[in-house]
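Enquirer: model this:
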Amino acid sequence: MPCAGPVRSRRLRPAPLHAHAIEDLRFIRETMQNAASFTAVPGWGGVAMGAVAVAAALIGPTPSRATAWSINWLIAAMGAFAIGVAASFLKARRTGTPILAQQGRKFVLTLLPPLMAGAVISVALYAAGLCRLLPAIWLLLYGVGVISAGSFSVRVIPVMGLCFMVAGGAALLCPAAWANSVMAAGFGGLHVVFGTIIARRYGG
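Expert: Numbering: from 1, shown residues only. Predicted structure coming up:
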């Protein structure tokens, strides 16, 4: 009768302990990253915000009419802000993300100060007759806010903020007559591009 061999040799060998440890660490890391990120940043809402900027540039007055030009972009900013807030709440509700949880509050509280600073500086520049600087200031400070807030969100958000800052720096070199084009390219184009990326990669 043939020998069946040592019983120990026929037992299934368990997976190495370090393999289980690596899998556990990877799962823990991914879970912590998701929990530590504010994921309710709107993608398609960002596209809509960009569309508002493009429309404001197309139908708005020329920069030579400083008061009308400023009011046009103020209305556009308020409309885009409302769209962004509404889209964030809708995305948060759809994904079950508490928008006012810790990371959401950090995102908002980090984004707002540069925007408030931009509003104060805008009033001062308008009073001084330096409206030609407004597109650059708006793009730069918005970019600063997005980069800072992006540290609590998905990775693409800080990249978007950096692109806004680059656009703001470029706007300083453009003639005043190009203001509407600069705003359309910055607030319009960048929102559309990155909004599409966010929508496709992070669920709308």
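
Enquirer: going forward, measure contacts and count neighbours with C-alpha atoms only.
Expert: Noted.

Enquirer: what's the residue closest to the geometric middle of this structure?
Expert: In the chain, the centroid-proximal residue (C-alpha atoms, centre = their mean) is residue 157; its distance is 4.0 Å.

Enquirer: now that residue, nearest residue through space, not along the chain?
Expert: residue 150 (4.9 Å; C-alpha to C-alpha, 6 or more residues apart in numbering).

Enquirer: which ones are touching that neighbour?
Expert: Shown in contact with residue 150 (C-alpha atoms under 8 Å, 6 or more residues apart in numbering): 107, 156, 157, 158, 161.

Enquirer: In JSON lines, list those residues along with distance to residue 55, secondary structure and pLDDT.
Expert: Compiled in JSON lines, the contacts of residue 150 are given as follows (distance: C-alpha to C-alpha, whole Å; DSSP: H, G, I helix; E, B strand; the rest coil; pLDDT from 0 to 100):
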{"residue": "107", "distance to residue 55": "28", "secondary structure": "helix", "pLDDT": "81"}
{"residue": "156", "distance to residue 55": "25", "secondary structure": "helix", "pLDDT": "91"}
{"residue": "157", "distance to residue 55": "24", "secondary structure": "helix", "pLDDT": "91"}
{"residue": "158", "distance to residue 55": "26", "secondary structure": "helix", "pLDDT": "92"}
{"residue": "161", "distance to residue 55": "22", "secondary structure": "helix", "pLDDT": "95"}
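
Enquirer: Residue 90 - how many residues pack around it?
Expert: The burial count assigned to residue 90 is 18, neighbours taken as other C-alpha atoms under 10 Å.
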